[in-house]
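Undergrad: sequence-free structure coming up:
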């Protein structure tokens, strides 16, 4: 029972590099989202998707892009990494609308930008 | 925008003592969710409260939703070392329900 799978688990980048964080779920969930978690803070929503082909911005979208070509996958792209993007990134999914359903989280990607 | 304020930020307790965390909103919430995150782990859903004045229990955990649906609390009776972690509340933003707004979390620390 895989649930939500995130790769990689750890990554170190240099300022200006780009990369894609992968997220896949096998629960046929319509809603998927990306959060970042910084020390002492709650989770902040970056982008979310209510279904394949539909994405929207969350609270902190700048510097990130997403796409949702399939129900299963929801990759997060960092366009030009900055030190302020050093954080732990979590992908989550739920059966339907995010605010009404329990969120299932992946194990996270710990990202450091030098 | 909408905020969910969660207090305290930390709580140190002796094993066996009780623990409580509180979440407050300036606006009426349609529902509130509670999650637990173990150190180094990911948030895990605990419960969702929907009705005004609702009280739900899970073993030693008691969750309450205020009558005005603007506040909520999580109370743990007789803490154990397995309770260590950070407890978060989360609520939908506005009327859209598409986004969850998270409290900053309360970290439960068990004193040796």
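TA: Cool, got the structure. Note that the coordinates shown come from a computational prediction; the quantities given were computed from them, not determined experimentally.
Undergrad: List the buried residues in stretch B:33-46.
TA: By neighbour count on 16 or more other C-beta atoms under 10 Å in any protein chain shown, the buried set for stretch B:33-46 is B:33-37, B:42-43, B:45-46. C-betas here are computed from N, CA, C, even on glycine.
Undergrad: what's the closest non-adjacent residue to residue A:11?
TA: Excluding the flanking residues, the one nearest residue A:11 by C-beta to C-beta, 6 or more residues apart in numbering or on different chains is residue A:111, at 5.1 Å.
Undergrad: Direction included, what does the host helix or strand of that neighbour pair up with?
TA: Assigning secondary structure by DSSP states H and E places residue A:111 in strand A:109-113. Strand A:109-113 sits in its sheet next to strand A:10-13 (parallel), strand A:87-94 (antiparallel), going by DSSP bridges.
Undergrad: Quick check: mean pLDDT of it?
TA: The average pLDDT within strand A:109-113 is 97.
Undergrad: can you tell me which of the buried residues of stretch B:33-46 lies nearest to residue B:81?
TA: residue B:36 (13.9 Å; C-beta to C-beta).
Undergrad: can you give me the end-to-end distance of stretch A:67-83?
TA: 24 Å (C-alpha to C-alpha, to the nearest Å).
Undergrad: Contacts made by it with the rest, please.
TA: Contacting residues not belonging to stretch A:67-83 are listed as A:13-26, A:28-30, A:32-34, A:46-47, A:49, A:51-55, A:63-66, A:85, A:89, A:91, A:93, A:111, A:113-114 [C-beta atoms under 8 Å, 6 or more residues apart in numbering or on different chains].
Undergrad: just the buried members of those residues?
TA: Here, 16+ other C-beta under 10 Å leaves A:13, A:21, A:23-25, A:29-30, A:32-34, A:46-47, A:49, A:52, A:55, A:64, A:66, A:85, A:89, A:91, A:93, A:111, A:113 buried among the contacts of stretch A:67-83.
Undergrad: Sort out for me which of those are in strands.
TA: A:13, A:21, A:23-25, A:32-34, A:46-47, A:49, A:55, A:64, A:66, A:89, A:91, A:93, A:111, A:113 (DSSP state E).
Undergrad: Tell me the bridge partners for residue B:49.
TA: residue B:32.
Undergrad: Neighbours of it, how many?
TA: Number of residues near residue B:49 (other C-beta atoms under 10 Å in any protein chain shown) recorded here: 22.
Undergrad: Might one say that it is in contact with residue B:62?
TA: No. The criterion here is C-beta atoms under 8 Å, and residue B:49 misses it with residue B:62 at 11.3 Å.
Undergrad: Overlap of the contact sets of these two?
TA: Contacts common to residue B:49 and residue B:62, judged by C-beta under 8 Å, 6+ apart, are residue B:56.
Undergrad: Confirm for me that residue B:47 is in contact with residue B:55.
TA: No. Taking C-beta under 8 Å as the definition, residue B:47 is not a contact partner of residue B:55, at 10.9 Å.
Undergrad: where do the contact lists of the two overlap?
TA: residue B:63.
Undergrad: So the two - more neighbours on which side?
TA: residue B:47 (16 against 11).
Undergrad: so what's the residue in chain B that chain A sits nearest to bridging to?
TA: Proximity of chain B to chain A (C-beta to the nearest C-beta) peaks at residue B:92, 2.8 Å away. Per DSSP bridges, the residues bridged to residue B:92 are residue B:100.
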